[in-house]
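S.K.: model the following, please.
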Amino acid sequence: MARRLEEEYDYLFKIVLIGDSGVGKSNLLSRFTRNEFCLESKSTIGVEFATRTLQVEGRTVKAQIWDTAGQERYRAITSAYYRGALGALLVYDVTKPTTFENVGRWLKELRDHADSNIVIMLIGNKTDLKHLRAVATEDAQTFSEKEGLSFLETSALEATNVEKAFQTILSEIYRIISKKSISSDEPGASTASAAGIKEGKTIVVAANQEPATKKACCSS
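M.R.: The predicted structure is shown next:
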């Protein structure tokens, strides 16, 4: 019976949150998975993750979302966690131009370490701080179109577009996976293929490594 309860989802999709420290990755994670937001928060150290099960195109999908620290000293650690990710939310802060300027560097790192078919969405967070906006929506749209990314602006504080962002990327992953599922059992299939996630099979992320867990909500 316990085993049956563990298998009450059709797919397990791993999503990574990447971007500079302080852009609000952890609050996007907590808003989506627990509907929580914490103003007084500390930077993520290492890696943590949370899950949420939801319906995507009529199937039950368990989203496993990994929050990677944005600080330089942790990048060597977190790069290992890109492996097996089917989607990535690349986050910047609309009030801090430097975080948008660094998006290109994060995108390169992601493409160097992640599966070539990973679905990537660019996220401009903290739109609630309208009076402090320093990155134009048009600039981000232009960049995302050039790089072939989807794009949304969000506010974790006001819960604006957070649900939409995750639903959109999960739906896109599902469409890609369902097309691949017929040939997913072939020898040598990619970690990020349907073979790794169909029927609730858990993706092995990194051997002998456990994510750092934190009490209460935090913002990276």
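S.K.: how about the helix or strand harbouring residue 173: buried residues?
M.R.: Using DSSP states H and E, residue 173 maps to helix 162-180. Across helix 162-180, burial judged by 16 or more other CB atoms under 10 Å covers 162, 165-170, 172-174, 176-177, 180. The way it works is simple: take the backbone N, C-alpha and C, and place the C-beta from them, glycine included.
S.K.: where is pLDDT lowest across the residues you listed?
M.R.: Across those, the smallest pLDDT goes to residue 180, namely 75.
S.K.: residue boundaries of the helices in this structure?
M.R.: 2-6, 25-34, 75-78, 97-101, 103-113, 137-147, 162-180 (DSSP state H).
S.K.: of all the ones you listed, which lies closest to residue 51?
M.R.: When these are compared by CB to CB, helix 25-34 sits nearest residue 51, at 6.7 Å.
S.K.: between the closest one and helix 162-180, how many degrees?
M.R.: 80 degrees (axes from the mean of the first three to the mean of the last three CA atoms, to 10 degrees).
S.K.: just the CA trace of helix 25-34, in PDB.
M.R.: What follows is helix 25-34, C-alpha atoms only, in PDB (Å, rounded to 0.1, in the frame of the first residue of the first chain):
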ATOM      1  CA  LYS A  25      15.000  32.200  -6.400                       C
ATOM      2  CA  SER A  26      14.200  30.700  -3.000                       C
ATOM      3  CA  ASN A  27      11.100  32.800  -2.700                       C
ATOM      4  CA  LEU A  28       9.900  31.700  -6.100                       C
ATOM      5  CA  LEU A  29      10.400  28.100  -4.900                       C
ATOM      6  CA  SER A  30       8.600  28.600  -1.600                       C
ATOM      7  CA  ARG A  31       5.800  30.600  -3.300                       C
ATOM      8  CA  PHE A  32       5.100  27.800  -5.800                       C
ATOM      9  CA  THR A  33       5.600  24.800  -3.500                       C
ATOM     10  CA  ARG A  34       4.200  26.100  -0.200                       C
END
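S.K.: elements contacting it?
M.R.: strand 11-18, strand 47-56, strand 59-68, strand 87-93, helix 162-180 (3 or more CB pairs under 8 Å, 6 or more residues apart in numbering; DSSP states H and E).
S.K.: switch to 7 Å and redo it
M.R.: Helices and strands touching helix 25-34, as assessed by 3 or more CB pairs under 7 Å, 6 or more residues apart in numbering; DSSP states H and E, comprise strand 11-18, strand 47-56, strand 59-68, helix 162-180.
S.K.: can you redo these as TSV with distance to residue 128?
M.R.: Shown next, in TSV, are the helices and strands packed on helix 25-34 (distance: least, CB to CB, whole Å):
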stretch	distance to residue 128
strand 11-18	19
strand 47-56	22
strand 59-68	20
helix 162-180	12
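S.K.: lowest average pLDDT across the ones you listed?
M.R.: strand 47-56 (a mean of 86).
S.K.: quick one: buried residues of that strand?
M.R.: Applying 16+ other CB under 10 Å to strand 47-56 flags 47-50, 52, 56 as buried.
S.K.: send me that strand as CSV with only the CA atoms.
M.R.: Only the C-alpha atoms of strand 47-56 are listed here, as CSV (Å, rounded to 0.1, in the frame of the first residue of the first chain):
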residue,chain,number,x,y,z
VAL,A,47,21.6,23.4,-2.9
GLU,A,48,18.1,22.7,-1.6
PHE,A,49,14.9,21.4,-3.2
ALA,A,50,11.2,21.2,-2.7
THR,A,51,8.4,19.3,-4.6
ARG,A,52,4.9,19.8,-5.7
THR,A,53,2.5,17.5,-7.5
LEU,A,54,0.1,18.9,-10.0
GLN,A,55,-1.9,18.2,-13.2
VAL,A,56,-0.2,18.9,-16.5
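S.K.: having no further points to raise, I will conclude here.
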